[in-house]
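Colleague: what would the 3D arrangement of this be:
(one chain, ligands or ions: 2)
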Amino acid sequence: MTGKCVWFEGIPFPSLGYSPELLREVQESFLVKDEDVLLLTFPKSGTNWLIETVCLIYSKGDPKWVQSEPIWDRSPWVETKHGYELLKEKEGPRLISSHLPIQLFPKSFFKSKAKMIYLIRNPRDVLVSGYFFWRSAKFVKRPQSLEQYFEWFVEGNVVFGSWFDHARGWMSMRDKENFLILSYEEMKWDMRSTVEKICQFLGKKLEPEELNSVLKNSSFQAMKENSMSNYSLLKGQYFEENGQLLRKGVTGDWRNYFTVAQAETFDKLFQEKMADLPQDLFLWKQ
Ligand SMILES: Nc1ncnc2c1ncn2[C@@H]1O[C@H](COP(=O)(O)O)[C@@H](OP(=O)(O)O)[C@H]1O
Ligand SMILES: CCc1ccc(OS(=O)(=O)O)cc1
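Modeller: Ligands and ions are numbered 1, 2, ... in the order given. Take a look at the predicted model:
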């Protein structure tokens, strides 16, 4: 993938809202505070679902906040111009989102006690989700076919770089007590337990009816209908009219798109790149 993107330290970024100067400043100068909570993902892993869930936990299930403020202002992306400016001004504990690979993340985080949740998803589904999302975006080089995007993805030539490097990098933090790994798959299979896990990690307590409201308001349908969370406000400037963030919201959709040869190529690559990591980190059934 070349063309419509910004390069920094060998990694392509979207061409809107990102610049090498800003990425360097974020890495060197952004001050992470101990009371911040950081939500980290490779794009298309369920980032916005995680943000919505954490916002609802903070509001004890009351949907007022998630229905009145755009998701990118509730938990700004630190690496974007808009997010960085907002975060610098924000008082008190902050929710901060990021897709940055570990080597480009603000250095101050590694000396802080801030809590981080890293959300991982079957990279095959990340690939398919990314293909449909980026082909309607106006700020990246658009893939012309799934076949082409598959090639870009396995080469690590997509925005935010190689999924494998991203996951490996962040997973090196897995034994730290301020670091929690979650998966999209466990959110799909048992969201109640996942919300309880997040609450325990963040030191939050929810009454049963508050927990029920978190589940209801973070559901696929609720988010799809929430204009503050479904990116419909970005249509026109950033996305084509047919673009949608909440596309299918299922696990294993890659099976509907990969050829047998692509599935084999992917399995081989996954083995090569990830074999030395504990395999129970990867909860999906291929
Ligand atoms: N509440 C929810 N429940 C299930 N999946 C959700 C969800 N909200 C978003 N998603 C899914 O998360 C993916 C987008 O990820 P991100 O937020 O990182 O960009 C999309 O996947 P699909 O394209 O497979 O449907 C989207 O449908
Ligand atoms: C240009 C801002 C932007 C919007 C959406 C993006 O994708 S994701 O939702 O973070 O995966 C990336 C950048």
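Colleague: output the set of residues of the stretch 1-150 of the chain in proximity to ligand 2.
Modeller: Pro14, Leu16, Gly17, Pro43, Lys44, Thr47, His99, Phe139 (CB under 6 Å from any ligand atom). To be clear about C-beta, it is placed using only N, CA and C from the backbone, and glycine gets the same treatment.
Colleague: let's go with 8 Å and repeat that
Modeller: 14, 16-18, 41, 43-44, 47-48, 72, 77, 80, 97, 99, 133, 137, 139 (CB under 8 Å from any ligand atom).
Colleague: now the stretch 151-286 of the chain
Modeller: Counting by CB under 8 Å from any ligand atom, the stretch 151-286 of the chain sits next to ligand 2 at Val159, Tyr231, Leu234, Tyr238, Leu245.
Colleague: and the third one, what pLDDT?
Modeller: Okay, so that is Leu234. Leu234 is assigned 93 on the pLDDT scale.
Colleague: what's the burial count for it?
Modeller: 15 (other CB atoms under 10 Å).
Colleague: phi, psi of it?
Modeller: phi -90, psi 0 (degrees, to the nearest 10).
Colleague: which residues touch the residue in the stretch 151-286 of the chain that ligand 2 sits nearest to?
Modeller: Proximity of the stretch 151-286 of the chain to ligand 2 (CB to the nearest ligand atom) peaks at Tyr238, 5.6 Å away. Contact partners of Tyr238, counting by CB atoms under 8 Å, 6 or more residues apart in numbering, are Leu16, Ala137, Lys138, Phe139, Tyr231.
Colleague: can you do 7 Å?
Modeller: Taking CB atoms under 7 Å, 6 or more residues apart in numbering as the contact definition, Tyr238 lies against Leu16, Ala137, Lys138, Phe139.
Colleague: from the residues of the stretch 1-150 of the chain next to ligand 2, which ones fall inside helices?
Modeller: In this view, those that belong to helices under DSSP state H are Thr47, Asn48, Trp72, Phe133.
Colleague: one step back: so among the contacts of Tyr238, which ones count as buried?
Modeller: Leu16, Ala137, Lys138, Phe139 (16 or more other CB atoms under 10 Å).
Colleague: let's have these in a markdown table, adding pLDDT and distance to ligand 1.
Modeller: Formatted as a markdown table, the buried ones among the contacts of Tyr238 follow (pLDDT from 0 to 100; distance: CB to the nearest ligand atom, whole Å):
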| residue | pLDDT | distance to ligand 1 |
| --- | --- | --- |
| Leu16 | 91 | 16 |
| Ala137 | 92 | 11 |
| Lys138 | 90 | 16 |
| Phe139 | 86 | 14 |
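Colleague: around ligand 1, pick out the residues from the stretch 151-286 of the chain.
Modeller: 184, 187-188, 218-220, 222-224, 229, 244-250, 253.
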